[in-house]
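S.K.: coordinates only, no sequence provided:
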């Protein structure tokens, strides 16, 4: 089996449109949540979101034709992929055979903004006015497809769709491709751009979103006042390589991808299992594959959505996976307190954050954790970042349908 390393990273997020900007915002406790600007919020049931700010696709070398013919979620992926590929320095056709270069980029929802726009066209003008590009702009695999075309990635292409677990599952499956020798490198991650009336209305009506109007009190993971998650958008893209390829070309290494857990609650189509049964097993599998020992320092980037059920359930899951003593030794944080819940993108962005935490010896905080829930009684790194060198990090994401994903990273 091949060892697998992260050699390049790129992102578009509510906290900045580069890895450096994202990390600087996180360690300084910056909140990327604000009043919704993209659409008229007057009649929306929810007024706040974690929007990407200052995004111009042309800044990332995307030409005007591609901009016109792609949904926002796909443009995020192209922009983050441009950063990750430049960061890695991987030259397709020189360093790697295109047939050994894969793609694993997913989206939980895909082009819902395109769907909303074309539905409005249909209602106003009839079927003949639906764009001929409606389907290719909307389908959730098109982000990965366009990235593969851009970088001539002719190897395996697996666009994962597992709701909020999409980004983490994508990276986990990319790891498997390289680990098992089916590819030498994979460009992977998740992307989402679902801040529109249909998505806000749908999530709000199912009581998933917070209705708190104060941006500084809206996303409250592990806090007794939490009332739901804050809808976010963005993209995280990573380049993974086999140890052989990375060392042959002298690539810089951010972290080793060392374990992956993939489970299903088999419980309910939206609600998590109350004991976090599947999440605990996902964590256990990832840590076991990583060879985790009880005396190692562990950082957990929690799913930590700020919903009443998730946070107390995830706390139980961490205890079930690590034991009471192990759970209390771990450092945990929910960075969703700052960047909101980016749905299918969130897991990939949080793996980038986990890699940066390992590399820099800093644990990003859970901000606004002023009134801890007694049922959430672990160390969630409240308020401010902490200097602490972890040996291993895991990132959890849990999604509708009972999907659970955990990827483990080791410090290099």
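M.R.: Right, received. Where do you want to start? Being a predicted model, the structure only gives us computed values, none of them experimental.
S.K.: contact partners for residue 351?
M.R.: 167-168, 171, 236, 238, 301, 395, 407, 409 (CB atoms under 8 Å, 6 or more residues apart in numbering). Where you see a C-beta, it was placed from the backbone N, CA and C, and this is true even at glycine.
S.K.: kindly apply the preceding question to residue 230 instead.
M.R.: By CB under 8 Å, 6+ apart, the contact set of residue 230 is 33, 48-50, 209-210, 218-219, 306, 336, 340-341.
S.K.: now, which of these sits nearest residue 144?
M.R.: Nearest to residue 144 among the contacts of residue 230: residue 341, at 21.3 Å, using CB to CB.
S.K.: got a pLDDT number for the nearest residue to the closest one once chain neighbours are set aside?
M.R.: Nearest in space to residue 341, with sequence neighbours left out and distances taken as CB to CB, 6 or more residues apart in numbering, is residue 229 at 4.3 Å. pLDDT, residue 229: 98.
S.K.: what about residue 229, how many neighbours?
M.R.: Residue 229 has 26 neighbours, counted by other CB atoms under 10 Å.
S.K.: likewise for residue 108?
M.R.: 28.
S.K.: surely it is in contact with residue 193?
M.R.: No - applying CB atoms under 8 Å as the test, residue 108 and residue 193 come out as separate, 10.9 Å apart.
S.K.: I'd guess residue 263 is in a helix, am I close?
M.R.: No - looking at residue 263 with DSSP: H, G, I helix; E, B strand; the rest coil, it is strand, so not inside a helix.
S.K.: now do the contacts for it.
M.R.: Residues in contact with residue 263, defined by CB under 8 Å, 6+ apart, are 278-279, 281-282, 285, 404.
S.K.: make CSV from these and add distance to residue 119 to it.
M.R.: Output for these, formatted as CSV (distance: CB to CB, whole Å):
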residue, distance to residue 119
278, 35
279, 35
281, 40
282, 36
285, 41
404, 33
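S.K.: ramachandran angles for residue 259?
M.R.: Main-chain torsions, residue 259, degrees, to the nearest 10: phi -170, psi 160.
S.K.: any idea how far residue 278 is from residue 401?
M.R.: Distance of residue 401 to residue 278, given as CB to CB, to the nearest Å: 11 Å.
S.K.: could you do residue 221 as well?
M.R.: 19 Å.
S.K.: more neighbours, those two?
M.R.: residue 221 (29 against 23).
S.K.: looks to me like that one is in a strand.
M.R.: No - counting by three-state DSSP, residue 221 is not part of a strand but coil.
S.K.: can you give me the pLDDT of it?
M.R.: 98.
S.K.: check residue 57 too.
M.R.: 98.
S.K.: now it: how far from residue 82?
M.R.: On the measure of CB to CB, residue 57 and residue 82 end up 10 Å apart.
S.K.: contacts for stretch 32-44 next, please.
M.R.: By CB under 8 Å, 6+ apart, stretch 32-44 touches 13-15, 25, 46-51, 53, 195-197, 200-201, 204, 215-216, 218-219, 230, 232, 338-340.
S.K.: those residues in helices, which ones?
M.R.: 25, 197, 200-201, 204, 338-339 (DSSP state H).
S.K.: just the buried residues from the residues you listed, in ChimeraX please.
M.R.: Here is the ChimeraX command that selects the buried residues among the ones in helices among the contacts of stretch 32-44 (16 or more other CB atoms under 10 Å):
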select :25,197,200,204,338,339
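S.K.: need the ones in helices among the contacts of stretch 32-44 in JSON lines (columns: pLDDT).
M.R.: Output for those, formatted as JSON lines (pLDDT from 0 to 100):
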{"residue": "25", "pLDDT": "98"}
{"residue": "197", "pLDDT": "97"}
{"residue": "200", "pLDDT": "97"}
{"residue": "201", "pLDDT": "96"}
{"residue": "204", "pLDDT": "96"}
{"residue": "338", "pLDDT": "98"}
{"residue": "339", "pLDDT": "98"}
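S.K.: among the ones in helices among the contacts of stretch 32-44, which two are most distant?
M.R.: Spatial extent of those (CB to CB) is set by the pair 25 and 201 at 29.1 Å.
S.K.: what are the buried residues along stretch 248-258?
M.R.: In stretch 248-258, the ones that count as buried by 16+ other CB under 10 Å are 249, 251, 254-258.
S.K.: please disregard the earlier target; I meant stretch 149-163.
M.R.: By 16+ other CB under 10 Å, the buried positions in stretch 149-163 come out as 150-151, 153, 155-163.
S.K.: give me the mean pLDDT for stretch 129-145.
M.R.: Model confidence over stretch 129-145, given as mean pLDDT, is 97.
S.K.: ok, stretch 256-275 next?
M.R.: In this model, stretch 256-275 has an average pLDDT of 96.
S.K.: kindly report the same for stretch 179-191.
M.R.: Stretch 179-191 carries an average pLDDT of 98.
S.K.: how far does it stretch from one end to the other?
M.R.: 24 Å (CA to CA, to the nearest Å).
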